[in-house]
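Chemist: the sequence and its predicted three-dimensional model are supplied below.
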Amino acid sequence: MRLKYIDEFRDPSTARALVGRIRKDAGDRPARLMEVCGTHTVAIARSGIRPLLSGAVTMVSGPGCPVCVTPDGYIDAAIALGREKGALLASFGDMLRVPGKTSSLEREKGNGLDVRVVYSPLDAVALAAETRDREVVFLGVGFETTAPAIAGAVRTAAQRRIANFSVLPSVRTIPEAMGLLAADPEIRIEGFLCPAHVSVIIGADAYRPVAEAHRIPCVVAGFEPLDILMGISMLVRQIREGTARVENEYTRVATRGGNRKAQELVAEVFVPCDTGWRGIGVIPGSGLRISERYAAFDAERKFGVPVVFSPEKTACRCGDVLKGKILPGDCPLFGKACVPDEPYGPCMVSSEGTCAAYYKYGAS
Amino acid sequence: MRPSGSRGGSDMCLAVPAKVMERNGDAAVVTLGGVRREISLMLLDDVSVGEWVIVHAGFAIEKLSEEEAEQTLSLLREIADASEIH
């Protein structure tokens, strides 16, 4: 069937025209761009955009897969909540196979731990309402796109006085990570293709500090092939003209100011904090923790089970993949000790992970 | 993009355009690529039946502007037409 607002943005002849325009603008010096978001990484790999632009644009994949950057200490804390506190765990499906220090939620589920996969944080609230005799902990992992949904679940539980519901938060914010990457001389990014749906919430103007401080063009683009090619074309034009502005290709959904109502809800339930990113390290001000007002719904405080962040000693090079320093194929484990069915590192676990996308679509 | 994840519709990052079919306060029923699903409108004001929204993790996160979509498509068509002429 035809999908409205999807199929129109996949037209092959327009894609060819955009590729021609990008090649013409890039000239003989390839532009080095980063797609920050995992959904872009998958779309670029699936649609074969990287080879189409070979020689004109080098697309480097960024840290925008929330599953991949969630520290192993978070998985350990979730397992402890289930094992030691008897909590029923509710999670998005793509978290289950992420390796912690000693185990994963999937493996523990096989050993009898009660882990339920939910589509929405509100499903976890409903689960808590149905099972009042048990603690239900929602594993609140995500970026700015997911933060309002988690905040909405917390506020709903508070309003309905569902006291056996809480959230183990692992929420991160993208512009702070982009600032860190833009400042890293080893990465040498000349332009950022900014995430579509993070931008829907925070607004395109949220990238202005990064664009201005680091003199780097930022373009918000949708997730369909023509959106991505148009976004790349806008970045290449800015590089050619020597400008470093924030532009928005995805105007049908994302605005300059973002979704104010969602921002207000996030500000009510969360407060900014420093947080660790798996493979990258602690990025100041890049996390959200639950505010004092909703402390009763914060599983870390409620059960005294802290999420401990510690750098890992491992041959897995997810950290360098997440920062765009190497391609997945440069990691010694890629495709050998680390495959989607038996992932060693987090970038191979999530369908949005860079290594998983490269493996599946043979882009490496 | 698909309306649901490859492993049972639970992957977190798949936000897709959906049409609002019914609304009852903050709850709505949408169709996502032919599949009906209940979602929350908590994050939006003034959503009417028949409008398009982007759905993420069970919440509509924004309305889709049909006017802006048409403008982007016409710009893309201009680029395609210009490349055929040259």
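Modeler: Cool, got the structure. Residues are numbered from 1 along each chain as shown, chains lettered A, B, ... in the order given.
Chemist: contacting residues for the residue of chain B found nearest chain A?
Modeler: Nearest to chain A in chain B, going by C-beta to the nearest C-beta, is residue B:58, at a distance of 2.4 Å. For glycine as for every other residue, the C-beta is placed from the backbone atoms N, C-alpha and C. Shown in contact with residue B:58 (C-beta atoms under 8 Å, 6 or more residues apart in numbering or on different chains): A:119, A:120, A:121, A:122, A:123, A:149, B:38, B:39, B:40.
Chemist: the same query, at a cut-off of 6 Å, please.
Modeler: A:119, A:120, A:122, B:39 (C-beta atoms under 6 Å, 6 or more residues apart in numbering or on different chains).
Chemist: check residue B:30 too.
Modeler: So residue B:30 contacts B:18, B:20, B:37, B:39 (C-beta under 6 Å, 6+ apart).
Chemist: just checking, the last one touches residue B:55?
Modeler: Same thing as residue B:39. Yes. Residue B:39 is within contact range of residue B:55, at 5.4 Å (criterion: C-beta atoms under 6 Å).
Chemist: what's the separation between the residue most central in space within chain B and residue A:11?
Modeler: The C-alpha lying nearest the average C-alpha coordinate of chain B belongs to residue B:17 (C-alpha atoms, centre = their mean; 1.6 Å). Residue B:17 sits 17 Å away from residue A:11, taking C-beta to C-beta, to the nearest Å as the criterion.
Chemist: swap in residue A:40?
Modeler: 19 Å.
Chemist: more neighbours: which of those two?
Modeler: residue A:40 (28 against 17; other C-beta atoms under 10 Å in any protein chain shown).
Chemist: tell me where chain B has strands.
Modeler: For chain B, the strands defined by DSSP state E occupy B:16-24, B:27-32, B:35-40, B:52-56, B:59-63.
Chemist: got the angle for the last one vs strand B:35-40?
Modeler: Computed with axes from the mean of the first three to the mean of the last three C-alpha atoms, to 10 degrees, the direction of strand B:59-63 lies at 90 degrees from that of strand B:35-40.
Chemist: same for strand B:59-63, what does it pack against?
Modeler: For strand B:59-63, the elements it packs on are strand B:52-56, judged by 3 or more C-beta pairs under 6 Å, 6 or more residues apart in numbering or on different chains; DSSP states H and E.
Chemist: quick one, the strand it packs on and strand B:59-63 angle?
Modeler: Using the same axes, to 10 degrees: strand B:52-56 against strand B:59-63 is 140 degrees.
Chemist: ok, residue A:26 to residue B:70 distance?
Modeler: Distance from residue A:26 to residue B:70, by C-beta to C-beta: 29 Å.
Chemist: please say which of these two ends up with more neighbours.
Modeler: residue A:26 (20 against 12).
Chemist: retrieve the pLDDT associated with the more buried one.
Modeler: Residue A:26 is assigned a predicted lDDT (pLDDT) of 95.
Chemist: same question for residue B:16.
Modeler: For residue B:16, pLDDT reads 76.
Chemist: how many residues are close by it?
Modeler: For residue B:16, using other C-beta under 10 Å, the count is 20.
Chemist: quick check: residues of the stretch 251-364 of chain A near chain B?
Modeler: A:251, A:252, A:253, A:259, A:261, A:262, A:351, A:352 (C-beta under 6 Å from any C-beta of the partner chain).
Chemist: before we move on, back to that, can you say which of the contacts of residue B:58 are buried?
Modeler: Taking 16 or more other C-beta atoms under 10 Å in any protein chain shown as the criterion, what is buried in the contacts of residue B:58 is A:119, A:120, A:122, B:39.
Chemist: which other helices and strands does the helix or strand hosting residue A:239 contact?
Modeler: Secondary structure from DSSP states H and E places residue A:239 in helix A:225-241. Under the contact definition 3+ C-beta pairs under 6 Å, 6+ apart, helix A:225-241 sits against helix A:12-26, strand A:31-37, strand A:218-220.
Chemist: which residue of chain A lies farthest from its centroid?
Modeler: residue A:133 (33.9 Å).
Chemist: three-state assignment of that one?
Modeler: coil (DSSP: H, G, I helix; E, B strand; the rest coil).
Chemist: from chain B, how far out is it?
Modeler: 25 Å (C-beta to the nearest C-beta, to the nearest Å).
Chemist: not counting sequence-adjacent ones, nearest residue to that residue?
Modeler: Nearest residue to residue A:133, sequence neighbours excluded (C-beta to C-beta, 6 or more residues apart in numbering or on different chains): residue A:164, at 7.9 Å.
Chemist: quick one: contacts for the nearest residue to residue A:212 once chain neighbours are set aside?
Modeler: Leaving aside its sequence neighbours, residue A:212 sits nearest to residue A:244 (C-beta to C-beta, 6+ apart; 7.1 Å). Residue A:244 sits next to A:211, A:215, A:216, A:217 when contact means C-beta under 6 Å, 6+ apart.
Chemist: same check, this time on residue A:192
Modeler: Contacts of residue A:192 (C-beta under 6 Å, 6+ apart): A:34, A:36, A:178, A:218.
Chemist: which one (most neighbours) among those residues?
Modeler: residue A:218 leads these on contacts (other C-beta under 10 Å) with 30 neighbours.
Chemist: right, and it touches residue A:207 too?
Modeler: Yes. The pair residue A:218 / residue A:207 is scored as a contact, 4.1 Å apart, by C-beta under 6 Å.
Chemist: what do the two both touch?
Modeler: If you check residue A:218 and residue A:207 against C-beta under 6 Å, 6+ apart, the residues they both contact are A:194, A:246.
Chemist: picking that back up, quick one: which two of the contacts of residue A:244 are the most distant?
Modeler: The distance between the two most remote of the contacts of residue A:244 (C-beta to C-beta) is 8.7 Å, for A:215 and A:217.
Chemist: tell me which of those two has more neighbours.
Modeler: Just comparing residue A:215 and residue A:217: by other C-beta under 10 Å the higher neighbour count belongs to residue A:217, 25 against 12.
Chemist: do you know how far the nearest residue to the more buried one once chain neighbours are set aside is from chain B?
Modeler: Of all residues not flanking residue A:217 in the chain, residue A:238 sits nearest, at 3.8 Å (C-beta to C-beta, 6+ apart). Look at residue A:238 and chain B: by C-beta to the nearest C-beta, they are 17 Å apart.
Chemist: count the residues that sit near residue A:238.
Modeler: 23.
Chemist: and the buried ones among the residues of the stretch 251-364 of chain A next to chain B, selectable in ChimeraX?
Modeler: Entered in ChimeraX, the line below selects the buried ones among those, by 16+ other C-beta under 10 Å:
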select /A:251,252,253,259,262,351,352
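Chemist: related to what we said a few turns ago, between the helices and strands packed on helix A:225-241, which gets nearest to residue A:158?
Modeler: strand A:31-37 (30.8 Å).
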